[in-house]
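Colleague: Could you work out the structure for the sequence below:
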Amino acid sequence: MRRRSALILGVVLLLAAAGGVTGRRWWHNRPPYGPEALNAQATLQLVDQATADAALKPVNAEVATDDSDQIFLGHVSWTRPPHPQRNGSLRIVLLDQRRHLLPGFIAATAADPDQVGTGSDGSLDLAEERYPWLRSTDEGAGSTIAVSSLDVSPVTFQTVLHTERPGTPPVATAPALVADLLVALICVGPDGQVYWAQRLLN
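Modeller: Residues are numbered from 1 along each chain as shown. Down below sits the predicted model:
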């Protein structure tokens with residue numbers, strides 16, 4: 001009888017521990033708010049160098065060096081949620097849907113330029129697992145935008161697409177239409193967990 005009671009108790013403790021782990025994982029990955037709370041919107045257009053330079057000040061815009069280069073200027077805006085998560089952040093993704101490639105470089109600014117940066121981290125890789133339309137084939141050569149504060153809306157960004165050149169990394173290239181480029185927003189938690197991704201344009 002004692003042996004049976006000990007066995008039952010052991011099973012109960014094991015189930016309780018498993019439930020605790022599952023509960024912590026659920027809470028850890030639970031979004032503090034959904035996309036609807038931000039009501040995010042995006043715009044994207046082809047512009048000339050002077051327009052890009054003016055829009056990016058005080059940040060330096062990327063410079064077109066050839067007549068075949070294309071300059072794309074975009075804006076992403078959102079509504080600040082009532083209770084933004086501490087240390088939460090956003091990623092803005094510009095993706096060429098034709099070949100699933102990111103731009104090689106993006107310039108970005110906001111009300112507080114120090115809260116916006118460009119580069120790459122594991123957020124897009126995690127998002128791709130749940131959102132196939134975010135799949136990128138750039139082998140880490142492309143750039144996205146990281147926004148570390150939800151108080152800096154709107155974010156202005158700019159990139160120059162160059163024609164494809166032999167020996168260059170796999171990144172988005174010209175010529176492209178605005179309709180070819182997808183703009184997405186990814187909500188990222190303090191530990192790098194991806195809560196959700198939203199397709200904002202195209």
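
Colleague: And for residue 110, the neighbour number?
Modeller: Residue 110 is flanked by 20 other residues according to other CB atoms under 10 Å. Heads up, the C-betas are built off the backbone N, CA and C, glycines and all.

Colleague: That one: what's it in contact with?
Modeller: 116, 147, 152-156 (CB atoms under 8 Å, 6 or more residues apart in numbering).

Colleague: Quickly check those for the two that are furthest apart.
Modeller: By the measure CB to CB, 147 and 156 form the most distant pair in the contacts of residue 110, at 11.6 Å.

Colleague: Assess the claim that residue 63 and residue 56 are in contact.
Modeller: No. Using CB atoms under 8 Å as the test, residue 63 is too far from residue 56 to be in contact (11.0 Å).

Colleague: ok, those two, which is more surrounded?
Modeller: Each of residue 63 and residue 56 has its neighbours counted (other CB under 10 Å); residue 56 has more, 19 against 12.

Colleague: Show me the shaky parts of this structure.
Modeller: Scanning the chain for pLDDT under 70 picks out the ranges 1-29.

Colleague: ranges for the strands of it?
Modeller: Using DSSP state E, the strands of the chain run over residues 41-47, 70-77, 89-96, 107-109, 116-119, 144-147, 155-161, 181-188, 194-201.

Colleague: Could you list the paired strands of the last one along with their orientation?
Modeller: Right, the one you point to is strand 194-201. Sheet pairing of strand 194-201 (DSSP bridges) gives strand 181-188 (antiparallel).

Colleague: which residues touch the partner strand?
Modeller: With contact meaning CB under 8 Å, 6+ apart, strand 181-188 is reached by 31, 33, 35, 38, 40, 42, 44, 72, 74, 76, 78, 88-97, 123-124, 127, 133-134, 172, 194-202.

Colleague: Go ahead and flag the most central residue of the chain.
Modeller: With distances taken as CA atoms, centre = their mean, residue 91 lies nearest the centre of the chain, 2.7 Å away.

Colleague: how's this structure carved up into domains?
Modeller: Taking automatic domain parsing as the criterion, the chain consists of the domains 1-30, 33-201.

Colleague: how long is the longest one end to end?
Modeller: Going back to what we said before, that points to domain 33-201. 21 Å (CA to CA, to the nearest Å).

Colleague: Pretty sure residue 122 sits against residue 191.
Modeller: No. With contact defined as CB under 8 Å, residue 122 does not count as touching residue 191 (11.1 Å).

Colleague: From residue 30, how far off is residue 187?
Modeller: Between residue 187 and residue 30 the distance is 12 Å, computed by CB to CB, to the nearest Å.

Colleague: where do the contact lists of the two overlap?
Modeller: Common contacts of residue 187 and residue 30 (CB under 8 Å, 6+ apart): residue 195.

Colleague: neighbour count winner among those two?
Modeller: Neighbour totals were compared for residue 187 and residue 30, and residue 187 leads with 26 against 10 (other CB under 10 Å).

Colleague: what's across from that one in the sheet?
Modeller: Beta bridges link residue 187 to residue 90, residue 196, judged by DSSP bridges.
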